[in-house]
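S.K.: Build me a structure from this.
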Amino acid sequence: MFINAQTTTRVLFVFDASNSMVGKHGDIQRMEGAKQMFNKFIDSLSKLKNYQFALRMYGHTVKYPPGDCKDSKLVVPFNTKNGLELIKQKVNDAKPTGITPIEHSLTESANDFPDKKARNMIILITDGIEECGGDPCEARQKLYEKGIIFKPVIIGIGLTIEQIKTFECVGTYFDYDDPDVYTDVTELIQTQKKKKTSAQVNLLDSKNKPTETNVNMTFYDVNRKKYKYNYIHTLNKNGNPDTLYLDDFPTYKVLVHTIPPKESEEVKLTEGKHTTIPVLAPQGAMVVSRPNGVYNFNEKVKYIVRHANEKQTLHVQSISTYEQYIIGTYDLEILTLPRTYLAGVKIEQSKLNEITLPSAGMLQVKAIEAGDGCILMKKEGKMERVTNLTNSTNQTFYLQPGNYVIEWRSRSLKGSIYTIEKKFVVKSDQSTVVELYK
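M.R.: Predicted coordinates for the structure are as follows:
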């Protein structure tokens, strides 16, 4: 989006009046050099139409040491009568005094603009770096979130190469000693347009077509090791991946929360340009269900999904629900009684793998007194425990169809010889009663 030529441009000057400005830069005091340059800007910009100006100063009220890391104030707001003359006066009267709270000053600057309708710009004039433990990069993000999409302009006086690098993530840096600095910054103020940096994430299917969508994706700032954005991926009305408007200064990595998750390569956006970020994320779907029987003995059990031949749990899904997975082969452990294991389940591109289990049957266990026991099932010549019985005299279980046996002993009988064995069969959608006192 480009701003109409008649749109107001607001320029906020953030002026460093901290104690370090007392120092010399060449043959001139840094503060005096900054004032001279500043007056040139003011005299030139006063002739522009549809421009408003304001002034914030920091380090100008509390003497250092110790200084005050909150020592930053909007000295001349926008729309002040005779604003430029007052700004000029305040800068000329400034005396180097305090400490350098750059992040705090830039963050507070976002509140100095009346609204987001104008082209809102910041020019920071400083001779030093953050002295209050802040992170100027954080301030850049906060400015962006509050609608200050133009990168701050930083004019540095006497900064070292290492100090200059700390401003790379904040905005566009200009050096006081550059003979063209005055012309370059003035031209930037007059010509800068609202260029949005955009990107789209192409979630590629098995044919490398961007057809996958409707999953969450997280944009991580790689260098700062933290996330910046979360979006649900969308295809627009034309069937193309949606355009996202992002801050351009971080290096990003996109984590797409498919099952299992997929991620992009590292990507650096270009200011004012559109970037396509590809992520290979071909998906199919799976649902495990059981028929609705006459008596509805089926419980809403869950099942564990793992990569084929791997032990680590990848996902836990409820039976009769639909879920998408990256194409491949998976193993399932379904928490029925007894558990049902399915190996080598295939997920294919854009296909639904529907798996149907037999319906459960209901088992009622009745006893005349409390006892101890368990339900067993014969598998491959071995007896495997399905579940333990409680000491209740009436118990109900929902079991997969098959041949079972109960081993039980009354608690009042203190000998293993009093164990009772009951064999029974469970059938889908049928009720079975086992009485332990007969």
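
S.K.: which regions of the stretch 1-150 of the chain sit below the pLDDT cut-off?
M.R.: 1-6, 147, 149 (pLDDT under 70).

S.K.: One more: the stretch 301-438 of the chain?
M.R.: The stretch 301-438 of the chain contains residues with pLDDT under 70 at 438.

S.K.: Which parts of it are helices?
M.R.: Assigned helices in the stretch 301-438 of the chain: none (criterion: DSSP state H, counting those that start in this stretch).

S.K.: just the stretch 51-200 of the chain next, same as before
M.R.: Going by DSSP H, counting those that start in this stretch, the stretch 51-200 of the chain shows helices at 83-93, 102-109, 136-145, 161-165, 181-191.

S.K.: Longest helix in the protein, please.
M.R.: Using DSSP state H, we find that the single longest helix of the chain is helix 30-45.

S.K.: Remind me what that helix packs against, helices and strands.
M.R.: For helix 30-45, the elements it packs on are strand 9-16, strand 51-58, helix 83-93, strand 119-126, helix 181-191, judged by 3 or more Cβ pairs under 8 Å, 6 or more residues apart in numbering; DSSP states H and E. C-beta: built from backbone N, CA, C; applies to glycine.

S.K.: Tell me which of these sits nearest to residue 335.
M.R.: strand 119-126 (56.9 Å; Cβ to Cβ).

S.K.: Could you check the angle the closest one makes with helix 181-191?
M.R.: Going by axes from the mean of the first three to the mean of the last three Cα atoms, to 10 degrees, strand 119-126 is angled at 160 degrees with respect to helix 181-191.

S.K.: confidence score at the closest residue to residue 251 other than its chain neighbours?
M.R.: Of all residues beyond its chain neighbours, the one nearest residue 251 is residue 222 (4.5 Å), with distances taken as Cβ to Cβ, 6 or more residues apart in numbering. At residue 222, the pLDDT value in this model is 90.

S.K.: give me every residue that touches residue 222.
M.R.: 250, 251, 252, 253, 266 (Cβ atoms under 8 Å, 6 or more residues apart in numbering).

S.K.: mind checking how far the fourth one is from residue 123?
M.R.: Which is residue 253. In this view, residue 253 and residue 123 are 32 Å apart by Cβ to Cβ, to the nearest Å.

S.K.: what does the third one give?
M.R.: Computed with Cβ to Cβ, the distance linking residue 252 and residue 123 is 28 Å.

S.K.: Name the residue in these two with the higher neighbour count.
M.R.: residue 252 (25 against 21; other Cβ atoms under 10 Å).

S.K.: Wait, the more buried one touches residue 267, no?
M.R.: Yes. Counting by Cβ atoms under 8 Å, residue 267 is a contact partner of residue 252 at 5.2 Å.

S.K.: Would you mind listing the residues touching both of those two?
M.R.: Counting by Cβ under 8 Å, 6+ apart, the residues touching both residue 252 and residue 267 are residue 277.

S.K.: what's near enough to touch the nearest residue to residue 261 once chain neighbours are set aside?
M.R.: Nearest residue to residue 261 in three dimensions, chain neighbours excluded: residue 255, at 5.9 Å (Cβ to Cβ, 6+ apart). Applying Cβ under 8 Å, 6+ apart to residue 255 gives the contacts 217, 218, 220, 261, 262, 263, 264.

S.K.: Please, a PyMOL command that selects the buried ones among those?
M.R.: If you want just the buried ones from the contacts of residue 255 in PyMOL, going by 16 or more other Cβ atoms under 10 Å, the selection is:
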select buried, resi 217+218+220+262+263+264
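
S.K.: can I get the contacts of residue 255 in CSV with distance to residue 402?
M.R.: Output for those, formatted as CSV (distance: Cβ to Cβ, whole Å):
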residue, distance to residue 402
217, 44
218, 45
220, 49
261, 38
262, 40
263, 44
264, 48
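
S.K.: Inside strands: which ones of the contacts of residue 255?
M.R.: 217, 218, 220, 262, 263 (DSSP state E).

S.K.: hmm, which two among those are most spread apart?
M.R.: 220 and 262 (13.6 Å).

S.K.: How confident was the prediction at residue 245?
M.R.: Value for residue 245, per-residue pLDDT: 86.

S.K.: Over to residue 193?
M.R.: 60.

S.K.: For the closest residue to residue 39 other than its chain neighbours, list the residues it contacts.
M.R.: The shortest distance from residue 39 to any non-neighbouring residue, by Cβ to Cβ, 6+ apart, is to residue 88 (6.3 Å). By Cβ under 8 Å, 6+ apart, the contact list for residue 88 reads 38, 39, 42.

S.K.: likewise residue 25?
M.R.: 33, 127, 157, 158, 176.

S.K.: Looks like the third one contacts residue 33 (just checking).
M.R.: Yes. At 6.0 Å, residue 157 and residue 33 qualify as touching, with contact defined as Cβ under 8 Å.

S.K.: shared neighbours, the two?
M.R.: Going by Cβ under 8 Å, 6+ apart, residues that sit against residue 157 and also against residue 33 are 25, 176.

S.K.: Would you mind giving the contacts of residue 222 as JSON lines with pLDDT, secondary structure and distance to residue 196 added?
M.R.: Putting these into JSON lines (pLDDT from 0 to 100; DSSP: H, G, I helix; E, B strand; the rest coil; distance: Cβ to Cβ, whole Å) gives the following:
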{"residue": "250", "pLDDT": "82", "secondary structure": "coil", "distance to residue 196": "16"}
{"residue": "251", "pLDDT": "89", "secondary structure": "strand", "distance to residue 196": "19"}
{"residue": "252", "pLDDT": "95", "secondary structure": "strand", "distance to residue 196": "16"}
{"residue": "253", "pLDDT": "96", "secondary structure": "strand", "distance to residue 196": "21"}
{"residue": "266", "pLDDT": "96", "secondary structure": "coil", "distance to residue 196": "22"}
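
S.K.: Residue 346: which of those residues is nearest?
M.R.: Nearest to residue 346, judged by Cβ to Cβ, of the contacts of residue 222 is residue 253 at 30.1 Å.

S.K.: okay, now the domains of the chain?
M.R.: Following automatic domain parsing, one finds the domains of the chain at 9-191, 198-279, 283-356, 361-435.
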